[in-house]
Each structure stands twice: as C-alpha cells, then as structure tokens.
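Peer 1: Sequence first, then the predicted structure:
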Amino acid sequence: MPPLEHATGSGPGGPNKSSGPLIAALVVVVVLALAGVIGLVALRSSGDDKATAASVSGSATTSQVTSTTAVPTTTAPGGPSSADPQLRDVAPVSVLGPVWQDSDDVYVMAFQGWPFAFRAGGSWGCMRGSIEAIPDAQAWSCIDEGNPAAKQRVNVMLRECPDGCDDAVRDRYDAEWLDEPERATIFDDRTVYVEDLSNQRGLYGVDLSRYVADRSGGELRWQVGVYAESPPHTKDTVLKILNDIVGQTQ
C-alpha cells in the first residue's frame, strides 16, 4: 500500500488505524462539537513510520448543526452533482451485523455532491479529510461526538473511475484501499470486504470497497471505500452505518 499521511499520537476515538487507510481528525472532539468549523485532518498507512503528519483544511459536519452537508465547493464539468443527496426508500442490506431500525436515533449524513446519503448515530459527526495516496478522493471521518472515548469510527471515501469501473480498475482501486485485498470476501458483484475480528489494539475492524453509479443510475462510476472500527462489544453501531452505506447505494 502506498504511504498515507499520518498523525503522531491519537486522534478522536483512539489511536490511528494500524491496518488500512484511516482518516484521523487532529482536533479535540469537544472543540469540534462546539465550533463545528475548520480542523486538521491526516491519514496513516499500516507500518509506515516514515510518513509525516500534514494538516489539511476541512469542514466539520456534526450532529450539533442544522445541516449535514459539506461547505459548498466548485464542481468541475462531469463531476458529481452539487445537489445534496437524499436518503432513498430502499430495503435495508446487511453485509455484516444489524441494520438501522425505525426506533433508532439516527442523523443523516449528506455530503454535497455525493451520489448517496447515509445514516449514523444521532450523536455522530463527520470531519472532512484527504488521502495523500489517492489525491482525487473525497474522504470523511465520522465519530461519536457524544462519546469520543468509545473508540468507534467510520471513514468513508469516494473516488471516480474516470473511464469506467472495469475489472482492472477495480483490482487496482481495491488494492489501494483495502489493507489486505488478498483476504477479501466477496459480498456481491460490486462489493468486497476484509473483516478483522481483533486488530493490534484489540478493536474490531472492517475494510469495504464498493462500486456505485450516479444517483440517476447508469454505469458504475464511483468507488466507495468504508473503514469501520469499534471495540468488539459495541461493533453493532459501526456495522449499522456500514450496512446503511451499502443499502443506500443499491
């Protein structure tokens, strides 16, 4: 895996991910929740101690504000729509574990220009980041701002397949996103994942790569990368988020 930017020390919710491309927000969660504004974000790759930390301007999307959308940005011709995505009325999908129930307290994450929205816990918020090895990707790191000590996070990445998501592109993109693509389990014809029951810090983790079309349908155009991490006994929350991302990209 190419080296990713990484932070020294711990970001919100525990140390940086040691397997796969984790986005670590370099701001104190309490400040993020109160301010909901510009922060520093960095990334790390497994075993890459030579990488250096770097700051990236970003904007927070938190459960404390009235909108889940990112700060508006200019959209290049042929890029994603500038409109905010909406939740779709679709059947839930379970890749691993449970899905959201009507009684659950949820908050809709709708990043401007993305081809889908998804649900996170009601006290969760997301921070925009970047991936040095995948500079054209859009990336967000989401944590439970109501309980930052929970050591739970879900990182979501979106990048375009400029000439279509054929098999060769998928193999390359999967190898760049998944930490151990040779261990990947096939969920369906456009989704693979790598499950880690206990990583180096004793946390449960799932790396997932999925290919999706635009909101209007058509050919597959985007790779969606998800990394979910949690203590094993509370993993249901992050799995609900991961499953919702898959369900909303049917």
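Peer 2: Nice, thanks for sending it over. Residues are numbered from 1 along each chain as shown.

Peer 1: ends of stretch 152-165, how far apart?
Peer 2: Stretch 152-165 has its terminal residues 31 Å apart, counting by CA to CA, to the nearest Å.

Peer 1: And stretch 110-130, by the same measure?
Peer 2: One end of stretch 110-130 to the other measures 18 Å (CA to CA).

Peer 1: Residue 152 is in contact with residue 237, correct?
Peer 2: Yes. At 6.2 Å, residue 237 counts as touching residue 152 under the criterion of CB atoms under 8 Å. For glycine as for every other residue, the C-beta is placed from the backbone atoms N, C-alpha and C.

Peer 1: Identify the residues contacting the longest helix along the chain?
Peer 2: As assigned by DSSP state H, the longest helix anywhere in the chain is helix 235-248. By CB atoms under 8 Å, 6 or more residues apart in numbering, the residues outside helix 235-248 that reach it are 87-88, 90-100, 104, 116-121, 124, 142, 144, 152-154, 156, 187, 191, 204, 206, 208, 210, 224, 226, 228-230.

Peer 1: Can you say which of the residues you listed are buried?
Peer 2: Buried residues within these, counting neighbours by 16 or more other CB atoms under 10 Å: 87, 93, 95-97, 99-100, 116-121, 124, 142, 144, 152-154, 156, 187, 191, 204, 206, 208, 210, 224, 226, 228-230.

Peer 1: related to what we said a few turns ago, now the common contact residues for residue 237 and residue 152.
Peer 2: Common neighbours of residue 237 and residue 152 (criterion: CB under 8 Å, 6+ apart): 144, 230.

Peer 1: The longest helix of the chain - what's its average pLDDT?
Peer 2: Helix 235-248 shows a mean pLDDT of 98.
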